[in-house]
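**Student:** The sequence and its predicted three-dimensional model are supplied below.
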Amino acid sequence: MITLGITMIFHPIWSYLLVWKYELGIVGTGITGVITNLTILILNVLYSAYLPDTKAGSFFPDKRTF
């Protein structure tokens, strides 16, 4: 929830820049959605990696995973 709140602060800024400032129109809207969702993903991975309760379950896959 924290990462979503942080990302939603920046979403209108990215939308303004890409849709109006750089005049990308509907393509800018799509790019904004990708940027927002990718940022949420990255922040969630980092946040869960540093929480003590979820640290054991948060790891990057390696050969032992498969």
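**Tutor:** Yep, that arrived. A quick note: this is a predicted structure, and the numbers were derived from the prediction, not measured.
**Student:** When you work out contacts or count neighbours from here on, use the C-alpha atoms and nothing else.
**Tutor:** Noted.
**Student:** Point out where the chain drops to low pLDDT.
**Tutor:** In the predicted model of the chain, no residue satisfies pLDDT under 70.
**Student:** got a list of contacts for the lengthiest helix in it?
**Tutor:** The longest helix of the chain (DSSP state H) is helix 26-50. With CA atoms under 8 Å, 6 or more residues apart in numbering as the test, helix 26-50 has contacts from 3-4, 7-8, 11, 14-15, 18-19, 54-55, 58-59.
**Student:** out of those residues, which are buried?
**Tutor:** The neighbour-count test (16 or more other CA atoms under 10 Å) marks 7, 11, 14-15, 18-19 as buried among those.
**Student:** Which of these fall in helices?
**Tutor:** Of those, the ones assigned to helices by DSSP H are 7, 11, 14-15.
**Student:** for K55, phi and psi?
**Tutor:** Main-chain torsions, K55, degrees, to the nearest 10: phi -60, psi -40.
**Student:** hmm, back to that, save the ones in helices among the buried ones among the contacts of helix 26-50 as CSV, and put in distance to L38 too.
**Tutor:** Shown next, in CSV, are these (distance: CA to CA, whole Å):
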residue, distance to L38
T7, 10
H11, 12
W14, 13
S15, 15
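**Student:** State the distance from the residue nearest the centre of the chain to P61.
**Tutor:** Nearest residue to the geometric centre of the chain (CA atoms, centre = their mean): T39, 1.7 Å. As judged by CA to CA, to the nearest Å, T39 and P61 stand 20 Å apart.
**Student:** what comes up buried for the longest helix of the chain?
**Tutor:** For helix 26-50, the buried set under the neighbour-count rule, 16+ other CA under 10 Å, comprises 28-29, 31-32, 35-37, 39-40, 43, 48-49.
**Student:** ok, residues contacting stretch 3-10?
**Tutor:** With contact meaning CA under 8 Å, 6+ apart, stretch 3-10 is reached by 36, 39-40, 43-44.
**Student:** what do you get if the cut-off is 6 Å, keeping everything else the same?
**Tutor:** L43 (CA atoms under 6 Å, 6 or more residues apart in numbering).
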